[in-house]
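Visitor: Predicted model follows, preceded by the sequence.
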Amino acid sequence: MSITKFILLVRRSFSIDVSTALAVYRRIILLTLFIVITTFPARKKKITLILDPAGDARNPGRLIGDNYERTYTSRIAHQLKEILEKKDNNIMVLFTRLPGEQNDQREKTRFANRCAPHLFINLCAYQSTHIKPQIYMYYYTNQTTTDNNCLIPLENAYQSHSALTTIYANKIYTSISPCTRICDAHAPKGIACIPLKGINAPALCIEIGCNSAHNLHNTISLISDALYTCLEEQK
């Protein structure tokens, strides 16, 4: 219905002048907008986490008991995805590879940078003889520095996110380290970690020392809680 027809209808029904009918029309429009806005809130932007489980169809990784590293990292990645997406439906967890796929470093880097994740996590695992699982964290670094992010080559893309990466690394470590009954967390270190090279996002490597006797459920739960505290900041 047009404004003119509405005003004529209101005037005939309630015997009021044009200015009053127009004011009624405006109030109805405002009330309708209020109902729509409060009933259907704006859609939130998805928070993206990319998990990069070590190993692939060609490279099984290190031997851990009767299994290989790729089996452990894939299992850990899927459990983290399930926990995080169940905890918050605004979080979307992507994998750099699926079982049976090969994981080329250049393709992985291009995929990650196209997705523009809020956080990139490379997952590694190794055979440990410790009683409890061990957690190490690494962020990519080398000796090259620049004061102009526009001139950073792809292999040094980490530099544009180095400050936030360090903050996230310390936040995750602070969250996990007090839980010594479950696992031992070690302070994050900066190394030339190849799986993180060229990633244009906050990027960390989490390496878990484990063996077939370890129940990793509680350790994975701790890691998911720590990752969630970082992702929450993106809301």
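Guide: Yes, it's here.
Visitor: Give the residue spans of this protein that score low on pLDDT.
Guide: 1-31, 33-45, 143-160, 235 (pLDDT under 70).
Visitor: Give me the most central residue, it.
Guide: Closest to where the C-alpha atoms of the chain average out (Cα atoms, centre = their mean) is residue 49, at 2.3 Å.
Visitor: element containing residue 73, please.
Guide: helix 69-87 (DSSP states H and E).
Visitor: Confirm the residue nearest to the centre of the chain sits in a helix?
Guide: No - assessed with DSSP: H, G, I helix; E, B strand; the rest coil, residue 49 is strand; it does not lie in a helix.
Visitor: Please verify my assumption that it contacts residue 123.
Guide: No - Residue 49 is beyond contact range of residue 123, at 11.6 Å (criterion: Cβ atoms under 8 Å). (C-beta placed from N, C-alpha, C; glycine too.)
Visitor: ok, which stretches of the chain are strands?
Guide: 47-53, 63-64, 67-68, 91-95, 119-127, 134-140, 184-185, 189-191, 203-210 (DSSP state E).
Visitor: So for residue 101, which of the ones you listed sits nearest?
Guide: strand 91-95 (9.1 Å; Cβ to Cβ).
Visitor: any idea of the angle that closest one forms with strand 119-127?
Guide: 50 degrees (axes from the mean of the first three to the mean of the last three Cα atoms, to 10 degrees).
Visitor: and strand 91-95, how far from the chain's centre?
Guide: Computed by Cα atoms, centre = their mean, to the nearest Å, the chain-centroid distance of strand 91-95 equals 6 Å.
Visitor: partners of it, with directions?
Guide: Strand 91-95 sits in its sheet next to strand 47-53 (parallel), going by DSSP bridges.
Visitor: CA atoms only for the partner strand, dumped as CSV, please.
Guide: Output of strand 47-53 as CSV, limited to C-alpha atoms (Å, rounded to 0.1, in the frame of the first residue of the first chain):
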residue,chain,number,x,y,z
ILE,A,47,35.1,-16.9,13.1
THR,A,48,37.5,-19.1,11.1
LEU,A,49,40.0,-21.5,12.6
ILE,A,50,42.2,-23.6,10.3
LEU,A,51,43.7,-26.8,11.6
ASP,A,52,46.7,-28.2,9.8
PRO,A,53,47.2,-31.9,10.9
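Visitor: coming back round to it: quick check: bridge partners of the residue nearest to the centre of the chain?
Guide: Going by DSSP bridges, residue 49 forms beta bridges with residue 93, residue 119.
Visitor: any idea how far it is from residue 64?
Guide: Look at residue 49 and residue 64: by Cβ to Cβ, to the nearest Å, they are 24 Å apart.
Visitor: next one: residue 230
Guide: Distance from residue 230 to residue 64, by Cβ to Cβ: 27 Å.
Visitor: circling back to that earlier point, between the helix holding residue 73 and strand 47-53, how big is the angle?
Guide: If you take the same axes, to 10 degrees, helix 69-87 sits at 160 degrees to strand 47-53.
Visitor: what sits up against helix 69-87?
Guide: Contacts to helix 69-87, defined as Cβ atoms under 8 Å, 6 or more residues apart in numbering, come from residues 49, 51, 53-56, 59-64, 91-93, 95, 99, 123-126, 208, 210, 216-217, 220-221, 223-224, 227-228, 231.
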